[in-house]
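*Asks:* here's my sequence, what's the structure:
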Amino acid sequence: MSPWGERAGMVERTFDGGGAGSVGRPGVGAVRLWGSGLSGGPAGVGAARAMARRAGERGVDRIGAADAYGPGTSERLLAEAIDVDRDDLLVATKGGLLRNRAGDWLAMGDPDYLRNAQLCSADRLGVDRIDLYQLHRPDPDTPFLDSVHALAELRDEGAIRHVGLSNVSVDQLAAARDVVEIATVQNRYNVGYRDEAAVLEACADAGIGFVPWYPLAAGDLDGVEGLDAVASAHDATRHQIALAWLLHRSPVVLPIPGTADPEHLAENVAAAEIDLTDDEVARLTAAA
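*Replies:* Predicted coordinates:
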């Protein structure tokens, strides 16, 4: 039986692999929910709450956050805006990346640190168990499998439902899978950046969800030849075509473009309805 769900044109609208149940494509990322500065800002709170609620209204059933976003702000805002514990929503967050007041992002894969980070994230989200908890980045000062074992133990204890990884290699993914079932991998990937293609293919072979971060290249898509022409042919924006290409690239690809703008959210959700031709997919694939 195929692991893929309902289809809309050429694009599967849901993903049922990876052990995390059926989720829609695309979801939404909460990376932009922290507002300004390290602890968010009052000007961004209302917009963030409106976006989170609108995501639910538009049928988005997958939201990605991280304790380092803010830090902590994206998780708190999600808990204030919506019922993150409801059965029809999968909330993913990450731990293992410390953001200090100097703005540095420091990998922290020590098992005790990860246990404490998971506990803090669950408290901010207001849940007893986190749906999907992901290692944000391997820590060069901690053996990788020590970090993975910590997440496996958290799953066994019922603190998290599913384990995910981020910024890993093919070899690291294979090693982690010998320890615990991996539901998702989140690596950088978009229509203009393909360096992680081997990791995507490994996920596709294993039926693991692949969550591309920077799915829209933070808006920097000028170097992708043919993107504007394809967008014009579909009366769409270049961002919508970039998302549509990801959805056509592989049925395991689960984009979560970050936004705090309800209009951009609507555009991102609508990208799943764009039916690219084989020639258009090939043209954009060859452009990088």
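
*Asks:* in its sheet, what does the helix or strand harbouring V185 sit against?
*Replies:* V185 is part of strand 182-186 when elements are defined by DSSP states H and E. Partners of strand 182-186 in the sheet, by DSSP bridges, are strand 160-166 (parallel), strand 209-210 (parallel).

*Asks:* winner for burial among the ones you listed?
*Replies:* strand 209-210 (a mean of 27; mean count of other C-beta atoms under 10 Å). The C-beta positions use only the backbone N, C-alpha and C, and glycine is treated the same way.

*Asks:* dump the next helix or strand after it to CSV, keeping only the CA atoms.
*Replies:* Using DSSP H and E, the helix or strand that directly follows strand 209-210 along the chain is helix 227-233. Extracted as CSV, the C-alpha positions of helix 227-233 are listed here (Å, rounded to 0.1, in the frame of the first residue of the first chain):
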residue,chain,number,x,y,z
LEU,A,227,11.5,30.8,-12.2
ASP,A,228,9.8,34.0,-13.2
ALA,A,229,8.7,32.6,-16.5
VAL,A,230,7.1,29.5,-14.8
ALA,A,231,5.4,31.8,-12.3
SER,A,232,4.0,34.0,-15.1
ALA,A,233,2.6,30.9,-16.9
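
*Asks:* ok now helix 227-233, how far from the chain's centre?
*Replies:* Here the centre of helix 227-233 is set off from its chain's centre by 26 Å, with C-alpha atoms, centre = their mean, to the nearest Å.

*Asks:* could you list every helix and strand in contact with it?
*Replies:* helix 238-249, helix 278-287 (3 or more C-beta pairs under 8 Å, 6 or more residues apart in numbering; DSSP states H and E).

*Asks:* mind putting the ones you listed in a markdown table, mean pLDDT, distance to D220 and mean neighbour count included?
*Replies:* Listed next are the helices and strands packed on helix 227-233 as a markdown table, based on pLDDT from 0 to 100; distance: least, C-beta to C-beta, whole Å; neighbours: other C-beta atoms under 10 Å:
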| stretch | mean pLDDT | distance to D220 | mean neighbour count |
| --- | --- | --- | --- |
| helix 238-249 | 92 | 11 | 24 |
| helix 278-287 | 92 | 14 | 14 |
